[in-house]
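# Build the 3D model from these lines:
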Amino acid sequence: MGLGRLDTSRASNSVSLGLDLVHVPFNGSSVAVGSVVGGHTPIGFTAPAAAVPLIKEGKLRALAGTGSQRLDALPDVPTVAEAGYPDIDVENWYGFLVPARTPKQIVTMLNREVVKIITLPEIKARFSTLGIEPVASTP
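Next up, the predicted model:
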């Protein structure tokens, strides 16, 4: 479930774990997660935001997280390293994107406003419930 580098990482990780998995392309995380919840797909890989609410509701069971540390939103879910596979480390990245020709002053203003928003305590708290840890940076 996912795109690009994550699919490549998942494929190589399944081989290193000795699993024989078949990639099933879905049109988005919600459809993929729904397929696992519905029992149509026996296992899935997805970003925390798509799974954390369903894990907390007991509709999904998290086996392990691929990051280097446990998520604040799922403190009882081990990392794959803690589960005995220290060579697996896949982090998700989310970014705000604009067209390449966007004027620098617009990019600077958007960055300033996004940083203000993602550092608000209520926004950070909401992100945390979804397993997202926002990090502000420069454009």
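
# In PDB, could you pull the C-alpha coordinates for the longest helix along the chain?
Criterion DSSP state H: the longest helix present in the chain is helix 104-118. The C-alpha trace of helix 104-118 is given here as PDB (Å, rounded to 0.1, in the frame of the first residue of the first chain):
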ATOM      1  CA  LYS A 104      10.100  33.000  -3.700                       C
ATOM      2  CA  GLN A 105       8.100  35.500  -1.600                       C
ATOM      3  CA  ILE A 106       5.000  33.300  -1.900                       C
ATOM      4  CA  VAL A 107       7.100  30.200  -0.900                       C
ATOM      5  CA  THR A 108       8.500  32.000   2.100                       C
ATOM      6  CA  MET A 109       5.100  33.300   3.200                       C
ATOM      7  CA  LEU A 110       3.600  29.800   2.800                       C
ATOM      8  CA  ASN A 111       6.400  28.200   4.800                       C
ATOM      9  CA  ARG A 112       6.100  30.800   7.600                       C
ATOM     10  CA  GLU A 113       2.400  30.100   7.900                       C
ATOM     11  CA  VAL A 114       2.700  26.300   7.700                       C
ATOM     12  CA  VAL A 115       5.300  26.400  10.400                       C
ATOM     13  CA  LYS A 116       3.000  28.500  12.600                       C
ATOM     14  CA  ILE A 117       0.200  26.100  12.100                       C
ATOM     15  CA  ILE A 118       2.100  22.800  12.600                       C
END
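
# Would you mark the buried spots in that helix?
residue 111 (16 or more other Cβ atoms under 10 Å). Every residue, glycine included, has its C-beta placed from N, CA and C.

# likewise stretch 51-71?
Applying 16+ other Cβ under 10 Å to stretch 51-71 flags 51, 52, 53, 54, 55, 60, 62, 64, 65, 66, 67, 71 as buried.

# what's the closest non-adjacent residue to the second one?
Spatially, and ignoring its direct neighbours in sequence, residue 52 is nearest to residue 131 (4.5 Å; Cβ to Cβ, 6 or more residues apart in numbering).
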